[in-house]
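Asker: With the input below, show me the fold.
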Amino acid sequence: MKSVEGLSSLRLGLLLPHFGAAAHRALILRCATRAAEAGIGSLWARDHLIWTPHGIDGTSRRFIDPFVALASACAVVEGCTVGTSVCIPVRPPLKLAQDYLSLAAINGGRVIAGIGAGFDDDELRAAGYAPGDRRALLEATAGTLRSAFAGEPILYKNQVVDYDRLQLSDEERWTIPLLYGGDSRLAIRRSVEFADGWLPSRIRINQLRELLAYRKSVSTADKPLYLVVQPLTVLAKDRGLAEKRIPFDDLEAGTPGLRLGGTNSSRKDLRGVVVWGTAEDVAETIFSLITSNPFVTGETIVIDGGYAATT
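Answerer: I've put the predicted structure just below:
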C-alpha cells in the first residue's frame, strides 16, 4: 500500500483491542497475528487522551496509546499496513509527525495517517490547548504531516505552532495516505481541503452515499478517493442470535452523531453501522455492501471490523 493512486480493490482491516478490559499485550499480539494469517491487510487503532468508555466498551478506562499498540503489532507481523482511526489534536503536530515517521520506518512505510478534530474539549485542555485552538491545530497538523512525509523542511506558523524549517528526516520520503475522520459535511470539506481520503467510521449506507455525492460536488481533484468505513461486528452461531445481541442503545451512546431511534422499525437499515451473523454472513454482507452500490466505482473502501461479540 505505497500510494493512494495505486489502490483499486477492497481491503479488510481490523481494529486492535487496545482499549478497555481486553487491552492486554497478549491479546493485541494474538489478534495482529491471526489477522495477518487470515489475509487481513491492515491493523488499526483509535486515539484518546482522556477516554470515557460507553456501553459496548465496558467500564475499564485502560487505553493503550495507538502508536504503542501499532508498533507492537508491527513487531510480530510482516506486510500489514497500520493506521490510526483517528488521531485527535492532543499532540504537538511535530511530535505527531515524528510518531508517524517512526511507524513508517519500522513498517516499511505501510502506514495510514487518519486524523480528526475530536469532540471532547476536556482532552484539548488536558493537552494544554484551548477548545478554540482546534481548527488551527488541525491545519498545523495537516501541513506539518505533509512536509514531514515528503522529507521536506517543516515551515508552518499559526496561533498554535511556529516551525521555521524544522527537519525531522531527510533520508526517506514516505507516501503515507492522510485521511480525515468525521461524518458531516464539514468533515467532507476538510477531507477535500487537506487530505487524501475520508474516514467516516460507523455510518449508515444511505448517509454514506449522500456524503460521497456531496464530496464529489465540492472536490475538483481527479484522483481516487481513499475511504475507510468501520462497522461494529457482532458474531454468533447464527444470524438470528447475532441480531438479538446487537447492542442498540450502547451502539448509539458510543457513536457520536448516531441516532437509531427506539423501535425495531426505525433500526431496520443498519448497513454500514453494524454487520452481524456468522463469519460467513459477515463476509457476505461486507462484499454486498461494496458490489451492490454504484458509488464505489473507481474508489477504494476499507471495511474495518470494530468489535466482536461471540458465543
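Asker: Which stretches in the stretch 101-250 of the chain count as strands?
Answerer: 111-115, 154-157, 162-166, 178-181, 197-201, 226-229, 232-235 (DSSP state E, counting those that start in this stretch).
Asker: Those: which one's closest to Ala140?
Answerer: strand 154-157 (5.7 Å; CB to CB). For the C-beta atoms, the positions are set from N, CA and C on the backbone; glycine is no exception.
Asker: Pull the distance from that closest one to the chain's centre.
Answerer: Relative to the centre of its chain, strand 154-157 is centred 26 Å away, using CA atoms, centre = their mean, to the nearest Å.
Asker: between the strands of the stretch 101-250 of the chain, which gets nearest to Arg125?
Answerer: When the strands of the stretch 101-250 of the chain are compared (using CB to CB), the closest one is strand 111-115, at 19.3 Å.
Asker: Show me what the closest one is packed up against.
Answerer: strand 81-84, helix 93-106, helix 134-149, strand 178-181 (3 or more CB pairs under 8 Å, 6 or more residues apart in numbering; DSSP states H and E).
Asker: May I see those organised as a markdown table, with mean pLDDT and distance to Asp238 added?
Answerer: A markdown table is the format used below for the helices and strands packed on strand 111-115 (pLDDT from 0 to 100; distance: least, CB to CB, whole Å):
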| stretch | mean pLDDT | distance to Asp238 |
| --- | --- | --- |
| strand 81-84 | 94 | 32 |
| helix 93-106 | 96 | 39 |
| helix 134-149 | 96 | 44 |
| strand 178-181 | 94 | 34 |
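Asker: mind putting the ones you listed in TSV, mean neighbour count included?
Answerer: Converted to TSV, the helices and strands packed on strand 111-115 look like this (neighbours: other CB atoms under 10 Å):
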stretch	mean neighbour count
strand 81-84	26
helix 93-106	19
helix 134-149	22
strand 178-181	25
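Asker: Compile those into a markdown table and extend it with columns for distance to Ile64.
Answerer: Conversion of the helices and strands packed on strand 111-115 to a markdown table gives the following (distance: least, CB to CB, whole Å):
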| stretch | distance to Ile64 |
| --- | --- |
| strand 81-84 | 13 |
| helix 93-106 | 14 |
| helix 134-149 | 22 |
| strand 178-181 | 19 |
